[in-house]
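[1] compute the structure for the input listed below.
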Amino acid sequence: MNIKTLALLMLVLFTSPVWSPASQAIGATASPDSAALTTRLALRDLWVEHIIWIRNYVVANQAHQGAQADAAATQVVANATSIANSLAPLYGQPAADQLLKLLAGHWGAVKQYCDASVSQSAQGKDKAVKDLTSNAKAIAAFLASANPNLPQDTLVTMLAAHGGHHIAQIDELAKKDYGAEAKTWAAMRSHILILADTLTAALVKQFPAKF
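    Numbers count the residues shown, from 1 in each chain. The predicted structure follows:
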C-alpha cells in the first residue's frame, strides 16, 4: 500500500461513525484549567503550525520566492524543535533530541519532494516518498517504545497518512488545482488534530500523576 492510498484510507477512517477521537475523552473529563486540556491545546497548536509552515514553504518554493521559502523553512525547524522539547519534561532532553532528529527527517523528505516537484525530477520524488515512508516507521517505533499506550502499527498508519497529505497538497498546488488542495487542507488539519489528541491521551494515561 503506497502513501497516497494510506491517506485515502485514513480519510474514510476519520469520518466513520465508529471512530472515537481521543479528544472526546479528554474533553469530557478535563476541567477548563486542567493540565490535560492545556497539553491537548498546546500540542494541537504545535502540530497545526507544522502543516501551516510547510504549506507556506511549498507555496513560496513553487513561486520561486527564495527569501519567503527560507523564512518558512526556518519556522518549520523552529516548530519541530518546540514539538520535540514539549516531551522533555516527561521523557528527558535526550529523548526530545532524538525526536527532533526524526522530525527533521520528516521535514527533509517533504522538502525533498517539494523541491523535486519544482525541478520536475521523478527520481527525486520517488526517493522522497521512500524516505517519508521509512521515517514514518521510525517515528512510530520511537513513540511506541516511549509510551505503551501508542500502538506502533496504528502510529505507522497515521503518520503515513500525514505524509500522504503533504504529497497530495504539493501535487495539487503544483497543478494549481486549488479546489482539490482546499479539500486536502481540510482533511490534513482534521487528521493532525486527531494525531495531537492521540498523543495527549497517551501521555495522560502514562503519567496520571502529572495530569
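
[2] ok, now how distant is Thr200 from Gly105?
    Shown here: Thr200 relative to Gly105, a distance of 23 Å by CB to CB, to the nearest Å. Heads up, the C-betas are built off the backbone N, CA and C, glycines and all.

[3] which of these two has more neighbours?
    Comparing Thr200 with Gly105 by other CB atoms under 10 Å, the one with more neighbours is Thr200, at 25 against 17.

[4] the spatially closest residue to Ala146 that is not a sequence neighbour: neighbour count?
    Spatial nearest neighbour of Ala146, excluding adjacent residues (CB to CB, 6 or more residues apart in numbering): Tyr91 at 5.8 Å. Around Tyr91 sit 16 other residues, with neighbours defined as other CB under 10 Å.

[5] Tyr91 contacts Phe142, doesn't it?
    No: Tyr91 is not in contact with Phe142 according to CB atoms under 8 Å; the separation is 10.3 Å.

[6] which residues do those two both contact?
    Counting by CB atoms under 8 Å, 6 or more residues apart in numbering, Tyr91 and Phe142 have no shared contacts at all.

[7] for Leu34, give me the pLDDT.
    One thing to correct before we go on: residue 34 is Ser, not Leu. Ser34 is assigned 87 on the pLDDT scale.

[8] which residues touch it?
    Phe211.

[9] quick one: it from Leu43, how far?
    Distance, Ser34 to Leu43, using CB to CB: 14 Å.

[10] before we move on, what about Ala88?
    Distance from Ala88 to Leu43, by CB to CB: 14 Å.

[11] compare the two and say which one has the larger neighbour count.
    A direct count of neighbours by other CB under 10 Å for Ala88 and Leu43 places Leu43 higher, at 22 against 14.

[12] do you have the strands of the protein handy? List them.
    With DSSP state E as the definition, the chain shows no strands.

[13] poorly predicted segments of it, please.
    For the chain, the stretches flagged by pLDDT under 70 are 1-33.

[14] for it, which segments count as helices?
    3-14, 22-29, 35-62, 66-85, 88-91, 93-119, 122-146, 152-174, 178-206 (DSSP state H).

[15] deepest in the core, which of the ones you listed is it.
    helix 152-174 (a mean of 21; mean count of other CB atoms under 10 Å).

[16] remind me what that helix packs against, helices and strands.
    helix 3-14, helix 35-62, helix 93-119, helix 122-146, helix 178-206 (3 or more CB pairs under 8 Å, 6 or more residues apart in numbering; DSSP states H and E).

[17] and the last one with helix 66-85, angle?
    Yep, that's helix 178-206 we're talking about. Computed by axes from the mean of the first three to the mean of the last three CA atoms, to 10 degrees, the angle separating helix 178-206 from helix 66-85 equals 20 degrees.

[18] helices or strands up against helix 178-206?
    Secondary-structure packing of helix 178-206 (3+ CB pairs under 8 Å, 6+ apart): helix 3-14, helix 22-29, helix 35-62, helix 152-174.
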